[in-house]
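K.L.:
output the structure for:
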Amino acid sequence: MSVICGVLVASLAIPGVASAGVAISRSITYFNNLPAQLAVAPPSQSTKVLSADGQPIATFFAENRVKVGLDQMSPYIKDAIVAIEDSRFYEHAGIDPQGILRALTSNLTSGGRQGASTLTQQYVTNVINESLLSADRSDQVILSGQKSLGDKVREMKLALELEKKYTKDQILEGYLNIVFFNRDAYGIEAAARHFFSTSARDLTLPQAALLAGLVNSPSFYDPTAHPENSIKRRNQVLDKMLSEGKIPQADHDAAVATGVELKIAPAKQGCSAADIAPYFCDYVSHLILNNPAYGVDATDREKKLYRGGLTITTTLDSRLQAAAQEQVDATAGANPDKWGASLVSIAPGTGRILAMAQNTVFLPAPGKFDTQLNFNVDAKDADGNDLNGAGGFQPGSTMKPFTFAEWLNEGRSMVAEVDAAQRSYPLDFPWKSSCGKVLGAYNTAEKALGAADDLQNNDEGYYRKMPVNYGLYNSINTATFAEAAQLDFCGIQRMVDAVGLHSGVDNAPVNMHQLGNLLGAIGVAPLHLANAFATFAADGTYCAPIAIAGVTDASGRQLPAQISDCRSAVKPEVARGVNSVLQDVLKRGSGIYIQPKVQDQVPVAAKTGTSNTNGATWVVGYTTGLATASFFGDTLDGQNRPGQNVTINGKFYKNIDGYMLAGPQWANYMQKVAGLYPAAAFAPPPESMTKP
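P.N.:
Numbering: from 1, shown residues only. As a prediction, the model looks like this:
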């Protein structure tokens with residue numbers, strides 16, 4: 001082989017020169033001194049994202065490739081590729097002496113630069129180029145027509161050594177998995193899916209022959225652009241298979257008589273082309289790209305996602321997701337004014353995100369509200385990494401249960417009376433804080449809490465004394481302030497922090513020493529609001545939200561995934577007291593008009609919420625097995641539009657309230673899915689908590 005390659009080098013370099021013998025000798029030495037090792041790394045493969053129940057969500061790829069074993073490929077494609085590309089593949093040792101001599105004769109007689117690449121040599125070229133692409137060195141990729149003499153001889157040496165290390169079938173399998181068929185199809189499995197909507201295993205004879213012919217010139221023989229060229233080339237492959245004895249005459253003739261018969265399945269890449277849950281998909285992708293467990297830097301993690309052949313199994317329940325998407329779309333309608341609707345569900349006691357939907361599309365489409373912002377998640381994570389979230393919305397009265405929880409936490413009765421007639425708290429009001437001093441604007445440097453000049457309730461008839469539970473399930477603002485006036489604001493702060501609430505913009509704590517935050521002035525993301533209520537549903541156990549249940553790489557090796565990170569956050573008896581009162585929201589409180597009546601089917605608790613300008617409206621409700629935040633409001637930049645004097649789905653609203661749109665959205669969805677997760681009766685609060 002060294003002599004043959006030396007002769008080829010010399011003949012191509014100095015054909016007809018008298019000193020060819022010297023050149024051949026030197027070329028043999030040159031050949032023998034070439035490197036012989038080739039690192040055959042797995043080629044770039046597509047990453048797939050799946051729901052918890054195995055449904056495909058999306059695919060990520062730089063090169064659309066799905067690796068399959070040789071035993072998962074049709075015999076036709078194996079025979080076709082060998083017949084047309086390298087008929088002596090199973091006979092030579094990596095280079096083909098007959099082919100080399102043919103090229104040598106042509107080059108000596110016509111002055112050409114004909115090559116003689118075997119399948120093994122082609123595989124070597126593909127492996128080298130793939131490694132360059134994976135290393136972001138595409139400028140160094142050398143195409144077949146651009147190879148220098150040195151490139152060609154180096155390829156031969158590597159092919160010879162490769163054949164010593166791998167079997168013929170291993171080389172053929174590697175070649176068929178790496179070779180380029182189309183910009184949307186790398187490898188035979190992706191090509192079979194793209195051109196024929198089938199698998200490599202099920203390729204028919206004419207399909208396999210067409211694909212085998214395609215690799216010689218994917219552009220010239222592209223059946224979508226040049227069907228005549230494609231058929232002519234396919235028939236050449238069939239003729240070669242016949243002459244090689246791979247197929248009988250009858251099969252050959254039947255295949256030749258067949259048309260192209262394509263069934264194109266365009267490759268869909270990324271979350272914008274997700275089969276379901278595009279915004280949840282986007283959230284998952286950001287979790288991967290932000291996590292050092294998947295690479296030392298952002299570039300490395302992006303490579304892992306788009307080239308690593310990962311299988312990412314998420315926590316999403318496709319049944320819940322379908323119901324959630326259907327409901328948010330129904331709530332918002334055609335929506336020319338671009339009002340936002342969203343639903344997100346959490347499994348209490350685990351933190352698993354089960355559904356995440358909103359009434360928008362990822363890419364612009366006629367008659368659709370498009371945005372790439374995820375309404376349900378924070379703008380950034382705790383480390384400041386981008387999550388592509390809208391940054392939260394004002395929670396309004398859905399913040400009230402956390403003040404009530406601190407009321408119970410301090411040992412007070414859920415039926416104790418407070419004075420909800422008080423509407424004004426002056427600057428020097430002695431609010432309490434165990435953080436170090438009694439706070440009042442004129443006797444502390446912080447001036448932290450300020451004044452409440454004229455508190456307003458939704459209805460006039462509630463400026464009076466009332467039990468605190470009554471004030472909560474009827475969502476009375478003045479009752480919440482009357483509670484807070486007797487509480488330790490540091491205790492309220494600890495309660496809000498314990499259930500995971502924070503600013504959706506920058507992850508900062510919600511400062512409960514600012515009076516407006518008692519009524520939800522700081523925007524929080526629906527995901528974390530749902531999860532805070534899930535803490536009550538789980539008897540006081542808080543679990544951080546998780547979306548990624550499992551990750552494996554292309555070799556099947558397990559990579560780090562998210563696991564439930566749970567802790568005791570609220571005393572069980574306090575959680576039970578909150579649950580007891582929030583069940584009354586739907587039975588006789590601010591959510592009494594919400595239809596359908598989910599509480600008639602399963603034990604359920606909920607809280608309505610509306611911002612001051614009615615631009616953000618909510619119902620957050622839960623069973624023991626499922627917690628869901630339902631949002632409707634202004635999601636545009638700035639979130640400044642009031643939800644007043646607006647028409648939604650043909651119905652005019654003077655003021656949008658939580659129970660009007662977010663409420664039915666939540667109820668219709670929960671009616672469909674609550675039974676899919678355990679929905680036991682809530683444990684009752686201790687008897688001492690229910691006494692005046």
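K.L.:
and stretch 309-318, how far apart are its ends?
P.N.:
22 Å (CA to CA, to the nearest Å).
K.L.:
how far off centre is that stretch?
P.N.:
Centroid separation for stretch 309-318 versus its chain: 8 Å, with CA atoms, centre = their mean, to the nearest Å.
K.L.:
state the mean pLDDT of that stretch.
P.N.:
The pLDDT scores in stretch 309-318 average 98.
K.L.:
what's next to it, contact-wise?
P.N.:
Residues from elsewhere that reach stretch 309-318 (CB atoms under 8 Å, 6 or more residues apart in numbering): 42, 44-53, 55, 57, 65, 67, 276-277, 280, 284, 288, 304, 347, 352-356, 546-554, 559, 561, 676. The way it works is simple: take the backbone N, C-alpha and C, and place the C-beta from them, glycine included.
K.L.:
kindly report the same for stretch 197-212.
P.N.:
Here stretch 197-212 makes contact (CB under 8 Å, 6+ apart) with 68, 72-74, 76-77, 79-81, 83-85, 176, 181, 188-189, 191-193, 195-196, 223, 230-231, 233-235, 237-238, 241, 247, 251, 254-255, 258, 260-261, 263-265.
K.L.:
narrow those to those in helices?
P.N.:
Within the contacts of stretch 197-212, residues falling in helices by DSSP state H are 76-77, 79-81, 83-85, 176, 188-189, 191-193, 195-196, 230-231, 233-235, 237-238, 241, 251, 254-255.
K.L.:
A421 - nearest residue in space that isn't next to it in sequence?
P.N.:
Y463 (4.8 Å; CB to CB, 6 or more residues apart in numbering).
K.L.:
verify the stated contact: that neighbour with A420.
P.N.:
Yes. Contact criterion CB atoms under 8 Å: Y463 and A420 qualify, at 6.3 Å.
K.L.:
neighbour-wise, which of the two wins?
P.N.:
Taking other CB atoms under 10 Å, Y463 and A420 do not tie; A420 has more neighbours (26 against 18).
K.L.:
give me the pLDDT for the more buried one.
P.N.:
A420 carries a pLDDT value of 97.
K.L.:
show me where the stretch 351-500 of the chain has helices.
P.N.:
Along the stretch 351-500 of the chain, counting by DSSP state H, counting those that start in this stretch, helices occupy 400-409, 468-473, 477-484, 489-498.
K.L.:
what does stretch 522-529 contact?
P.N.:
342-344, 346, 353, 356, 375-378, 389-395, 398, 500-505, 510-511, 514, 516, 545, 616, 618, 620, 629, 631, 639.
K.L.:
check the burial of S148 by counting its neighbours.
P.N.:
Per other CB under 10 Å, the neighbour tally for S148 reads 9.
K.L.:
tell me how far it lies from R154.
P.N.:
Separation of S148 from R154 (CB to CB, to the nearest Å): 9 Å.
K.L.:
any idea how far A616 is from N655?
P.N.:
Remark: distance between N655 and A616 (CB to CB) = 13 Å.
K.L.:
so what sits against both of these two?
P.N.:
Counting by CB under 8 Å, 6+ apart, the shared contacts of N655 and A616 are G643.
K.L.:
the two: which has the busier surroundings?
P.N.:
More crowded of N655 and A616, by other CB under 10 Å: A616, with 28 against 15.
K.L.:
which residues does that one contact?
P.N.:
The neighbours of A616, taking CB under 8 Å, 6+ apart as the test, are F393, Q394, P395, G396, G523, G609, T610, F631, G633, D634, Q639, G643.
K.L.:
kindly reformat these as CSV and extend each row with neighbour count, distance to E130 and pLDDT.
P.N.:
Below are those laid out as CSV (neighbours: other CB atoms under 10 Å; distance: CB to CB, whole Å; pLDDT from 0 to 100):
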residue, neighbour count, distance to E130, pLDDT
F393, 28, 46, 98
Q394, 25, 51, 98
P395, 33, 50, 98
G396, 26, 54, 98
G523, 20, 46, 97
G609, 28, 53, 98
T610, 29, 56, 97
F631, 34, 46, 98
G633, 29, 49, 97
D634, 24, 48, 97
Q639, 19, 47, 92
G643, 24, 54, 96
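K.L.:
now go through those and say which are in strands.
P.N.:
Among the contacts of A616, the members found in strands (DSSP state E) are G609, T610, F631, G633, D634.
K.L.:
that older thread, contacts only, for the residue nearest to A421.
P.N.:
Contacts for Y463 were tallied using CB under 8 Å, 6+ apart; they are A420, A421, R423, N457, T478.
K.L.:
show me which pair in those is furthest apart.
P.N.:
Longest distance between any two of the contacts of Y463 is 10.4 Å, between A421 and N457; criterion CB to CB.
K.L.:
so where's the stretch 151-300 of the chain shaky on pLDDT?
P.N.:
Across the stretch 151-300 of the chain, nothing is flagged by pLDDT under 70.
K.L.:
hang on, the earlier thing: put the buried members of the contacts of Y463 into a PyMOL selection.
P.N.:
Entered in PyMOL, the line below selects the buried ones among these, by 16 or more other CB atoms under 10 Å:
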select buried, resi 420+457+478
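K.L.:
what is the nearest of the contacts of Y463 to D370?
P.N.:
Nearest to D370 among these, counting by CB to CB, is N457 at 38.5 Å.
K.L.:
phi, psi of that closest one?
P.N.:
phi -100, psi 170 (degrees, to the nearest 10).
K.L.:
ok, it - contacts?
P.N.:
The contact partners of N457, by CB under 8 Å, 6+ apart, come to A420, Y463, I476, N477, T478.
K.L.:
for P223, same thing?
P.N.:
Residues in contact with P223 (CB under 8 Å, 6+ apart) are F195, L210, L214, S230, I231, V260, L262.
K.L.:
out of these, who has the most neighbours?
P.N.:
L210 (29 neighbours).
K.L.:
convert the C-alpha atoms of the helix or strand where that residue lies to PDB, please.
P.N.:
When elements are assigned from DSSP states H and E, L210 belongs to helix 205-214. Extracted in PDB, the C-alpha atoms of helix 205-214 (Å, rounded to 0.1, in the frame of the first residue of the first chain):
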ATOM      1  CA  LEU A 205     -35.800  -0.400  -2.900                       C
ATOM      2  CA  PRO A 206     -36.600   2.700  -5.000                       C
ATOM      3  CA  GLN A 207     -36.400   5.000  -1.900                       C
ATOM      4  CA  ALA A 208     -33.100   3.500  -0.800                       C
ATOM      5  CA  ALA A 209     -31.700   3.800  -4.300                       C
ATOM      6  CA  LEU A 210     -32.700   7.400  -4.600                       C
ATOM      7  CA  LEU A 211     -31.100   8.300  -1.300                       C
ATOM      8  CA  ALA A 212     -27.900   6.400  -2.100                       C
ATOM      9  CA  GLY A 213     -27.600   8.300  -5.300                       C
ATOM     10  CA  LEU A 214     -28.200  11.600  -3.600                       C
END
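K.L.:
got the angle for that helix vs helix 188-196?
P.N.:
110 degrees (axes from the mean of the first three to the mean of the last three CA atoms, to 10 degrees).
K.L.:
any idea how far helix 205-214 is from the chain center?
P.N.:
For helix 205-214, the distance from its own C-alpha centre to the chain's C-alpha centre is 35 Å (CA atoms, centre = their mean).
K.L.:
what do you get for stretch 242-262?
P.N.:
How far stretch 242-262 lies from its chain's middle: 44 Å, per CA atoms, centre = their mean.
K.L.:
start to end distance for it?
P.N.:
Start-to-end span of stretch 242-262 (CA to CA) is 23 Å.
K.L.:
stretch 373-381 too?
P.N.:
By CA to CA, the extent of stretch 373-381 from end to end equals 15 Å.
K.L.:
what does that stretch rub up against?
P.N.:
With contacts defined as CB under 8 Å, 6+ apart, stretch 373-381 is touched by 279, 282-283, 290, 340, 342, 344, 356, 358, 360, 386-393, 502, 504-507, 525-528, 629, 631, 635.
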